[in-house]
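Student: sequence plus predicted model, see below.
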Amino acid sequence: MSEAASRPIDVAVGILMKPNGDVLLGQRPEGKPYAGYWEFPGGKVEANESILDALKREFVEELGVVIHDAEPWCGVEHVYPHAHVRLHFYISRHWSGEPQSLEGQAFAWQGAVGVEPLLPATIPLLTWLDRVRYASNQEKDKP
């Protein structure tokens with residue numbers, strides 16, 4: 001692998017989280033690597049674009065959703081056969097608009113995730129996300 005090919009591509013990834021803890025997953029459309037696999041929506045960060053700006057742009061372009069704010073959550077690097085990616089995950093609880101399939105992709109709100117197959121880089125995040133949901137629910141239950 002050449003040095004240029006091994007340099008990671010920055011990708012902004014958003015987790016829309018409803019008050020009940022459900023999150024939005026999208027299915028990769030035909031014509032893309034891993035077509036049919038489920039993942040959290042997002043996309044490549046363009047030159048001179050912040051991660052958050054890329055996230056906001058991608059959600060408008062892919063789903064017609066306007067993210068009002070999002071908190072950085074974690075970062076993960078993953079090497080796929082077709083690309084080395086650095087995924088920057090954000091959690092948003094404040095957005096407007098209902099998700100629409102603007103790029104021909106399926107999407108689904110999930111509590112206990114039941115869709116498959118899942119994109120390999122997404123799998124470990126589901127366990128971590130359960131911890132975020134649990135902590136969020138504990139805060140709501142405090143007097």
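Tutor: Nice, I can see it.
Student: can you give me the strands for the protein?
Tutor: 9-16, 23-27, 38-39, 42-44, 66-79, 84-96, 107-110 (DSSP state E).
Student: tell me the strands beside the fourth one, with direction?
Tutor: Strand 42-44 has the following strand partners under DSSP bridges: strand 9-16 (antiparallel).
Student: which residues touch the partner strand?
Tutor: Strand 9-16 is contacted from outside by 23-24, 39-45, 51-52, 54-55, 58-59, 65, 67, 70, 73, 83-93, 95, 99, 129, using C-beta atoms under 8 Å, 6 or more residues apart in numbering. The way it works is simple: take the backbone N, C-alpha and C, and place the C-beta from them, glycine included.
Student: quick one: that strand to strand 84-96, angle?
Tutor: Angle, strand 9-16 to strand 84-96, by axes from the mean of the first three to the mean of the last three C-alpha atoms, to 10 degrees: 30 degrees.
Student: pull the distance from strand 9-16 to the chain's centre.
Tutor: With C-alpha atoms, centre = their mean, to the nearest Å as the basis, strand 9-16 stands 5 Å off its chain's centre.
Student: one more: stretch 83-94?
Tutor: Distance, centroid of stretch 83-94 to centroid of chain: 5 Å (C-alpha atoms, centre = their mean).
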